[in-house]
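Participant: below is the sequence, then the predicted model.
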Amino acid sequence: MGEMICTELICRGLALGYENQILISDLNFTVNAGDYLCIVGENGAGKSTLMRTILRLQKPLAGSIVYGEGLTANQLGYLPQQTVVQRDFPASVREVVLSGCQSKLGRHMFYPPRLKKLAQTNMERMGVDQLAKRCYRELSGGQQQRVLLARALCATERMLFLDEPVAGLDPKVTLEMYRLIAQLNEEGTTILMITHDVHMAAKYATHILHLGHEVFFGTTEAYRASKIGKKYLDDDSKGMIDEETAETEEAK
Amino acid sequence: MSEILDKLQMYFSFPFVRYALIVGVLIALCSSLLGVTLVLKRFSFIGDGLSHVAFGAMSIATFLGMTQEMYLVLPVTVISAILLLWTGNNTKIKGDAAVAMISVGAMAVGYMVMNLSTNSINVSGDVCTSLFGSTAILTLSQTDLLLCSTLSGVVVVLFILFYNRIFSVTFDENFARAAGAKTNEMNLFIAIIIAVIIVVSMKLVGSLLVSALIVFPALAAMRVFKSFLSVTVCSAVFSVIATLIGLLVSILWGTPVGSTIVCADIVGFLIFYIIGWSTGKAR
């Protein structure tokens, strides 16, 4: 593909929410191949809803999502937040990672050697191949996330959707996780990640989508320079916040 | 000891006892397979509700004077499974209420219909039989035998073929759906298999005790084993052994079949619980 910029995702005039409650309206953004987009914003701003909509787990209230060529086959790698079920699920690491290959099974009923190898490769890439026979629920939080990343990579290497991958991890493991994701991005995987940590987002991401009262979409440099970016990145400027929100309210 | 063996030998010379054992093992095998999925997907409630529906359908079939109740019970239970899953998927609370409503309703209608039917002399005896199984396993006809074995066989084969897909839809439905798996179809498929298992197991332990046959082996295996494959294999073995013990005990000492099997399951579960607890402590 060379230097050509490949569009993976275009969202146009997207409105999201539940039956009577609109969380986001008229949202527009584009993701190109190789981008690292962080979605930040307050709790309840609709970050997870946006991700679930892009993954076709729920329908948008309005607007359209256009997927890049080949992504239409529903082959999206997803790292969801942990569910209650997984906390007491008896499964070995190998079984979990292998289940990521399911979309590649086609008409096969069992995993052919080619897919078992793919699972093995991805376990090695995420550094969990030593844990292959361990029980998933007995791993530490960081190890579990690595296993789920390996599983998502089995589904696709093209585009990963990560919903708060560092939630509940200690600072050291969190940093490792961010580095790992950055490394995947350097190796060519497009990343879409939800995070609480605006500072980490600004450090690693190429683009930022800020959801909330004010919506921002653009490159990380533009975010740093923007009013909203300054407000969230600079913790000392608490005094300015009220003025700024007042200004933007007026502008509306 | 030799007295018991003699007695067993005497019993095994009757073909219906041998049939009972074969069918018992087959039913035990297929009922244990989906236990893990049922427990982890919080479907055990639906399993319980479905067994009540099957009881209602059974009474109506008896009332109608059908010679082979299975032809009514099976479709009714399968349809209820599909309906329950549908409502259960949309909103959680509504689903729970629907299960309660349908299962209690089916029980009431079933008991009423049984009382109305004039061709039965001993109503409470009949009710007891369909609820707790009692001696049903020893009075299986050739057709029953064939139908039960075929259905159990089909369930086992389907489970093995779809093993990988059942695993991923149980472990993480959202991920599977995002990766392009047809999870709604899979859930439907699982619900139908559960309905078939319940109808078949009803022959063995009666409708009130069916859930025990499905849930105990999986819960016991989960105490000790750590991977999905080992848990599945262990719960199948557990279920078959517990059922065999239950059947033999009930034949030898004349205890009711269904509750004896469930008691064997309970004892087995306690043993596994202690093993899991002690190995967990040792680590």
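Facilitator: Here it is on my side, so go on. Residues are numbered from 1 along each chain as shown, chains lettered A, B, ... in the order given.

Participant: ok, and does stretch B:225-239 reach over to chain A?
Facilitator: Yes. Counting by CB under 8 Å from any CB of the partner chain, contacts between stretch B:225-239 and chain A involve B:225-231. All C-beta atoms are positioned from the backbone trio N, CA, C, and that covers glycine.

Participant: now for the residues you listed, which pair is the farthest apart?
Facilitator: Based on CB to CB, the longest span within the residues of stretch B:225-239 next to chain A runs between B:226 and B:229 and measures 10.1 Å.

Participant: list residues touching both of the two?
Facilitator: Residues touching both residue B:226 and residue B:229 (CB atoms under 8 Å, 6 or more residues apart in numbering or on different chains) are residue A:92.

Participant: most neighbours of all the residues of stretch B:225-239 next to chain A, which one?
Facilitator: The most crowded member of these, judged by other CB atoms under 10 Å in any protein chain shown, is residue B:228 (26 neighbours).

Participant: measure that residue to residue B:36 for me?
Facilitator: Computed with CB to CB, to the nearest Å, the distance linking residue B:228 and residue B:36 is 7 Å.

Participant: what do these two both touch?
Facilitator: Taking CB under 8 Å, 6+ apart as the contact rule, residue B:228 and residue B:36 both touch residue A:90.

Participant: secondary structure, distance to residue A:91 and pLDDT for the residues of stretch B:225-239 next to chain A - can I get that in TSV?
Facilitator: As requested, these are exported to TSV (DSSP: H, G, I helix; E, B strand; the rest coil; distance: CB to CB, whole Å; pLDDT from 0 to 100):
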residue	secondary structure	distance to residue A:91	pLDDT
B:225	coil	11	90
B:226	coil	8	87
B:227	coil	6	90
B:228	helix	5	92
B:229	helix	9	92
B:230	helix	10	93
B:231	helix	9	93
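
Participant: out of those residues, who's nearest residue B:172?
Facilitator: Minimum distance to residue B:172 across the residues of stretch B:225-239 next to chain A is 12.4 Å, recorded for residue B:228 (CB to CB).

Participant: contact partners for that closest one?
Facilitator: Residue B:228 neighbours (CB under 8 Å, 6+ apart): A:89-92, A:95, B:36, B:167, B:171.

Participant: tabulate those (JSON lines), appending distance to residue A:65 and neighbour count.
Facilitator: Conversion of the contacts of residue B:228 to JSON lines gives the following (distance: CB to CB, whole Å; neighbours: other CB atoms under 10 Å in any protein chain shown):
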{"residue": "A:89", "distance to residue A:65": "31", "neighbour count": "22"}
{"residue": "A:90", "distance to residue A:65": "37", "neighbour count": "25"}
{"residue": "A:91", "distance to residue A:65": "32", "neighbour count": "26"}
{"residue": "A:92", "distance to residue A:65": "36", "neighbour count": "21"}
{"residue": "A:95", "distance to residue A:65": "32", "neighbour count": "24"}
{"residue": "B:36", "distance to residue A:65": "36", "neighbour count": "25"}
{"residue": "B:167", "distance to residue A:65": "30", "neighbour count": "23"}
{"residue": "B:171", "distance to residue A:65": "27", "neighbour count": "24"}
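
Participant: determine which two of those residues are furthest apart.
Facilitator: Greatest spatial distance in the contacts of residue B:228: A:92 and B:36, 13.7 Å, computed using CB to CB.

Participant: could you check the pLDDT of residue B:123?
Facilitator: You'll see residue B:123 listed with a pLDDT of 65.

Participant: tell me who's in contact with residue A:113.
Facilitator: By CB under 8 Å, 6+ apart, residue A:113 has no neighbours at all.

Participant: quick one: it and residue A:119, what's the gap?
Facilitator: For residue A:113 relative to residue A:119 (CB to CB), the value is 11 Å.

Participant: what residues does the stretch 1-150 of chain B have near chain A?
Facilitator: Contact residues (CB under 8 Å from any CB) of the stretch 1-150 of chain B with chain A: B:36, B:40-42.

Participant: just the buried ones from those?
Facilitator: Listed as buried from the residues of the stretch 1-150 of chain B next to chain A are B:36, B:40-41; burial here means 16 or more other CB atoms under 10 Å in any protein chain shown.

Participant: in the stretch 151-283 of chain B, where is pLDDT below threshold?
Facilitator: Judged by pLDDT under 70, the stretch 151-283 of chain B has its weakly predicted residues at B:281-283.

Participant: mind doing that once more with 80?
Facilitator: Of all residues in the stretch 151-283 of chain B, those with pLDDT under 80 make up the ranges B:180-181, B:203-208, B:280-283.

Participant: now do the stretch 151-252 of chain A
Facilitator: Judged by pLDDT under 80, the stretches of the stretch 151-252 of chain A that qualify are A:234-252.

Participant: in it, what residue is nearest chain B?
Facilitator: Nearest to chain B in the stretch 151-252 of chain A, going by CB to the nearest CB, is residue A:155, at a distance of 4.2 Å.

Participant: can you count the residues close to that residue?
Facilitator: Residues lying near residue A:155 (other CB under 10 Å) number 27.

Participant: do the same with residue B:143
Facilitator: Look at residue B:143: counted by other CB under 10 Å, it has 11 neighbours.

Participant: against residue B:63, how distant is residue A:23?
Facilitator: Applying CB to CB to residue A:23 and residue B:63 gives a distance of 54 Å.

Participant: likewise for residue A:177?
Facilitator: Note on residue A:177: its distance to residue B:63, by CB to CB, is 63 Å.

Participant: and for residue A:22?
Facilitator: For residue A:22, the distance to residue B:63 (CB to CB) stands at 54 Å.

Participant: what about these two, which has more around it?
Facilitator: Neighbour count, other CB under 10 Å: between residue A:22 and residue B:63, residue B:63 has more, with 18 against 13.

Participant: verify the stated contact: that one with residue B:114.
Facilitator: Yes. Residue B:63 is within contact range of residue B:114, at 7.1 Å (criterion: CB atoms under 8 Å).
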